[in-house]
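# the sequence and its predicted three-dimensional model are supplied below.
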Amino acid sequence: MQESHSQTGGDVGPADERAENYAYAALARRIKDWGQELGFAAIGIAGIDVTAATPWLRRWLALGRHGEMHYMAKHAGLRGAPERLVPGTLSVISARLAYWPAAADARQVLADGDQAYVSRYALGRDYHKTVRQRLQKLADRIRQAVAALDHGEPFACRVFSDSAPVLETEFASRSGIAWRGKHTLSLTRGGSWHFLGEIYTNLPLPHDAAVADHCGDCRRCLEACPTAAIVAPYEVDARRCISYLTIELPGAIPVALRPLVGNRIYGCDDCQLYCPWNRFARLGDRDFAVRNGLDAVPLAELFAWSEDDFGQRLAGSPIRRIGHARWLRNIAVALGNAASSPAIIAALRSRLQDPSLLVREHVDWALAQHAARDQPAAPAGR
């Protein structure tokens, strides 16, 4: 057992150590209660040793499956070493916040090629802000509680929500609040429609038991992926993933993959929509309620948004970070995949002289798709 020391540097006896352990166990229980009061669906606590996950990360990077997400390779070492990212870290508090919104039926929107499909997580407020703000409130409560303990050194922490090199799903699994699904997302018996966040802290909190994997022999997420990006259970090639193509990729979407994007203009949910565990999903936090009617809106309407429209209407939305040009790029592809109609063709032609070369290239491709469909079939034998 690790030796403990008081603030004065003297040795702590067995009775004092038991009292200290009891105090931290009690604090851990309070942290979970406070988390629920703040709206989190679950709070768990893990240790910082994630070395077992780093070979998978190194292999994923070596295969180039991160695509142009260069930050993944640049900060890979920090992901597997929490104590390097935040010196003094002893425990990781992992939090889960549900987001499933009351929205138009996702599958019906996907089936209507004239409608824009936006990933369910992005229909409301930017989760980065919501999760971080609530985690900070939780950290503030912990700080006040720790002031009454003989912790031995000043309380230190840092909160994260998809904002730093953190192995979020690994900590969710190790802390017992989720397991890693075959689609590589965090999954629970109540589904996968949730965000994760963490608090790195120097508190020696007791650790929770990891949760078991309950995917069994199910392969529905692999079979549902439109681009076959889930190349094997628990392995995703981001270069084929529609979420990567429409959000992370800065340049042109590969031509071969454009028809497979369908009407998905920001992200993709297919692997989650077909996951059996998501049958048990409940409505998530009200912060993520639908804004701007983005759950069911015609592609042509969104394609007409000016850059000012984009910035103003999507203020506070995670979509805003991709910028107007990528937004139009994505919609141009979806318009190219839609059934031909005067409205669709007119929308595309309205952007033929767009200032962005990226947009113009995808508009040209989309119009070529419609032109090819309009060509009469060649007579048999020719």
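Yep, that arrived. Worth saying up front: this structure is predicted, and the values here are computed from it rather than measured.
# how about the helices in the stretch 1-150 of the chain?
Taking DSSP state H, counting those that start in this stretch as the test, the helices found in the stretch 1-150 of the chain are 14-37, 54-62, 70-74, 76-79, 82-85, 106-111, 127-146.
# got TSV for these, with mean pLDDT too?
Shown next, in TSV, are the helices of the stretch 1-150 of the chain (pLDDT from 0 to 100):
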stretch	mean pLDDT
helix 14-37	84
helix 54-62	95
helix 70-74	93
helix 76-79	92
helix 82-85	94
helix 106-111	98
helix 127-146	96
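# which of the ones you listed sits closest to C215?
helix 54-62 (16.4 Å; C-beta to C-beta). In this view, the C-beta of every residue, glycine as well, is placed from N, C-alpha and C.
# give me the contacts around that closest one.
66, 72-73, 76, 79-80, 167, 235 (C-beta atoms under 8 Å, 6 or more residues apart in numbering).
# give the buried residues for it.
54, 57, 60 (16 or more other C-beta atoms under 10 Å).
# contacting residues for the residue most central in space within the chain?
With distances taken as C-alpha atoms, centre = their mean, F195 lies nearest the centre of the chain, 6.6 Å away. Counting by C-beta under 8 Å, 6+ apart, F195 touches 96-97, 99, 121, 127, 130-131, 161-162.
# format these as TSV; extra columns: distance to I199 and neighbour count.
Compiled in TSV, the contacts of F195 are given as follows (distance: C-beta to C-beta, whole Å; neighbours: other C-beta atoms under 10 Å):
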residue	distance to I199	neighbour count
R96	13	22
L97	13	24
Y99	19	24
Y121	21	21
Y127	16	22
T130	15	21
V131	11	26
S161	10	23
D162	14	15
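# for those residues, which one is nearest G311?
Looking across those and measuring by C-beta to C-beta, the closest to G311 is Y127, at 19.3 Å.
# ok, and the closest non-adjacent residue to that closest one?
F195 (4.7 Å; C-beta to C-beta, 6 or more residues apart in numbering).
# same question for W365.
Closest to W365 by C-beta to C-beta, 6+ apart is G336, at 6.0 Å.
# per-residue pLDDT of that neighbour, please?
Listed pLDDT for G336 reads 98.
# may I see the buried residues of the strand or helix carrying it?
Counting by DSSP states H and E, the element that carries G336 is helix 323-337. Residues of helix 323-337 classed as buried: 324-337 (neighbour count, 16+ other C-beta under 10 Å).
# still on that earlier bit, list just the nearest of the buried residues of helix 54-62 to V297.
For the buried residues of helix 54-62, the nearest to V297 is W60 (35.1 Å; C-beta to C-beta).
# and the gap between that closest one and R189?
27 Å (C-beta to C-beta, to the nearest Å).
# counting neighbours, what do you get for P82?
For P82, the count of nearby residues is 25 (other C-beta atoms under 10 Å).
# how near is it to D308?
Applying C-beta to C-beta to P82 and D308 gives a distance of 42 Å.
# so which two of the contacts of helix 54-62 are the farthest from each other?
G80 and E235 (18.2 Å).
# the two - which one has more neighbours?
Legend: neighbour count by other C-beta under 10 Å for G80 and E235, higher for G80 (21 against 17).
# so what pLDDT did the more buried one get?
Looking at G80, the pLDDT reads 90.
# re the thing from before, next structured bit after the helix holding G336?
With elements assigned by DSSP H and E, the helix or strand that comes after helix 323-337 is helix 342-349.
# quick check: angle from that next one to helix 323-337?
Counting by axes from the mean of the first three to the mean of the last three C-alpha atoms, to 10 degrees, helix 342-349 lies at 140 degrees to helix 323-337.
# pretty sure R107 sits against Q272.
No. Look at R107 against Q272 with C-beta atoms under 8 Å: they stay out of range, at 11.6 Å.
# about what we covered before: which among the contacts of helix 54-62 end up buried?
66, 72, 76, 79-80, 167, 235.
# against A41, how distant is the residue nearest to Y127?
For F195, the distance to A41 - C-beta to C-beta - is 10 Å.
# which parts of the stretch 201-350 of the chain are strands?
Per DSSP state E, counting those that start in this stretch, the stretch 201-350 of the chain carries strands over the ranges 230-232, 235-236, 264-266, 297-298.
# can you give me the offset of the second one from its chain's centre?
If I follow you right, that is strand 235-236. Distance of strand 235-236 from its chain centroid, counting by C-alpha atoms, centre = their mean, to the nearest Å, is 15 Å.
# list the strands paired with it, with their directions.
strand 230-232 (antiparallel) (DSSP bridges).
# show me what the partner strand is in contact with.
Here strand 230-232 has contacts from 182-184, 221-222, 236-237, 240, 271, using C-beta under 8 Å, 6+ apart.
# quick one: the residues you listed as CSV, columns for neighbour count too.
Putting these into CSV (neighbours: other C-beta atoms under 10 Å) gives the following:
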residue, neighbour count
K182, 22
H183, 26
T184, 20
C221, 25
L222, 19
V236, 23
D237, 19
R240, 21
C271, 26
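# surely I199 forms part of a strand?
Yes. Checked against DSSP: H, G, I helix; E, B strand; the rest coil, I199 lies within a strand.
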